[in-house]
Structure formats: C-alpha cells, structure tokens
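Trainee: Prediction below, plus the sequence it came from.
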Amino acid sequence: MKKIIEDTKNERNAIPPALAEYPNNHQKRRYNPQWEVKFPWLRYSVTEDGAYCAYCFVFASSTPSPWEPLICAPFKDWKNAVGSKRGILTNHELSKTHQGAMLAAANFTAVSRREIESVKESSSRGYSEIVKKNRKILLATAFVLDVVIVLAKRGIAFRGNWDSAAMKENGNFEFFIKWLAKYDESLSEHLSTAAKNARYLSP
Ligand SMILES: [Zn+2]
C-alpha cells in the first residue's frame, strides 16, 4: 500500500502534459496545457477531452447544477476558456464556489498543521486523540486528491454510468476511492463519517 501512495504522490508532483498534442474540436480549438500554469487547479481528462477543477471536484460544498462544467462535468468550451477581457477559467477562479473550495482545502491543511505542531507542546491525552483524528482526515483527503489527479493524468473518466437501480453513478473515481479504502483504515473511517455534503464520492 505504501508503494501505491508513494507512486501517486510522485505522479502528482511531476505532472507532465497529459498529451503531446491535444485534439481539435469542431471549432478547430484545443485544450492548452499552458492554462495550467495560470490556473494550477486545472486538470485535463484525456478520455473526456475536457477539463476539471481538482479543488472544486473534491471540496465544493454545493454547485449551481449537477452538470456544472469544471466541477461536475468536463469543461470543453476552449474558445471562451481565456478571453481578452475575462474568460471562463478566470470567472471560475473568482466564483464563490471555487473560492469556497479553495478555502476549505486551505483550512483543512492549516488546521491539521497547527494541530500537529501543537501536539509537541501538549501532553493532554484527550487533545492527542483530536490531533490523531485530524491527521487521519488530512491523510484521507490527500488520498482523494491523489486519485483525482492520477485519474486526470491517465485520462480515465471520473464519472461512469448512472446506475438507476442503485440510484447512483458507478464511476472510476468511486471505484478507486473504495478500493483504496479497503487497504487504508484512515480513508475507510473518513468515508463512513464524512459529512453528507462532502462530495467525495458523488462528483
Ligand atoms: Zn474550482
């Protein structure tokens, strides 16, 4: 398991362009990997020829619609991605949903870091338990982000088919998260206790 975690982290740290050449759409426009320099949250999915915001995908607490591009559905409007005035990517970055998702991710990391630093000064057993729990949550979130990025990099679709019998989507993202949870106690615990509005398994 450690090897898998290490591999996914290494892949995340060295994300090369998903493709050497990106396909043209009917308007003869294509995805530009240079956009990722200005918008580091942007991830391209090869199979969907579309892009997502990794942070909103994991942390967005609510979305205007279940088909929202960049969050729930692949963004493909390359022509209007960046504009002379303001493109869709800039608008997304300034949106309340994105700001909220970034804040949630930053708070999550900051709280966990503070707790880990504070534990060195605290000998309280109860406090240590809280720290331990926060560490586990941080680890679980790192897994989720890793899966998002690995799926995007390898061009595996995030979303699958709608399973009407189970009233849910049977996607690769859910499959990988559940598969990882089988081997990792912290992720498994987090999945069973995560808030209902946490969208980890229902992008
Ligand atoms: Zn976003």
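Mentor: Okay, I see it.

Trainee: Quick check: residues of this structure near the ion?
Mentor: With CB under 5 Å from the ion as the criterion, the chain meets the ion at residues 53, 56, 98. Heads up, the C-betas are built off the backbone N, CA and C, glycines and all.

Trainee: Tell me which of the residues you listed has the lowest pLDDT.
Mentor: In terms of pLDDT, the least confident member of these is residue 56, at 84.

Trainee: Tell me the spacing between that one and residue 62.
Mentor: Per CB to CB, to the nearest Å, residue 56 is found 11 Å from residue 62.

Trainee: Show me whatever sits in contact with both of these two.
Mentor: Common contacts of residue 56 and residue 62 (CB atoms under 8 Å, 6 or more residues apart in numbering): residue 97.

Trainee: ok, these two, which is more surrounded?
Mentor: The neighbour comparison of residue 56 against residue 62 (other CB atoms under 10 Å) goes to residue 56, with 26 against 10.

Trainee: which secondary structure element contains the more buried one?
Mentor: helix 54-59 (DSSP states H and E).

Trainee: Residue 84 too?
Mentor: Residue 84 belongs to no helix or strand, assigned by DSSP H and E.

Trainee: Just give me the neighbour total for it.
Mentor: 5.

Trainee: Check what pLDDT it gets.
Mentor: Reading off the model, residue 84 has pLDDT 74.

Trainee: now residue 191
Mentor: Reported pLDDT for residue 191: 65.

Trainee: For residue 44, see how far away the closest residue to residue 90 other than its chain neighbours is.
Mentor: Leaving aside its chain neighbours, residue 90 sits nearest to residue 82 (6.9 Å; criterion: CB to CB, 6 or more residues apart in numbering). The gap separating residue 82 from residue 44 is 15 Å, by CB to CB.

Trainee: More neighbours: the two, which one.
Mentor: residue 44 (24 against 17).

Trainee: Listing request: residues of the protein with sub-threshold pLDDT.
Mentor: By pLDDT under 70, the weakly predicted segments of the chain are 1-18, 63-64, 108-187, 189-203.

Trainee: if we go to 50?
Mentor: 1-5, 7-14, 162, 195-203 (pLDDT under 50).

Trainee: From the residues of the chain next to the ion, pick the one nearest residue 31.
Mentor: residue 53 (14.1 Å; CB to CB).

Trainee: Tell me which residues touch that closest one, please.
Mentor: 41-43, 70-71, 92, 98, 101.

Trainee: Correct me if wrong: residue 29 contacts residue 80.
Mentor: No - using CB atoms under 8 Å, residue 29 makes no contact with residue 80, being 9.4 Å away.

Trainee: Helix or strand: which one has the residue nearest to residue 90?
Mentor: Secondary structure (DSSP H and E) places residue 82 outside all helices and strands.
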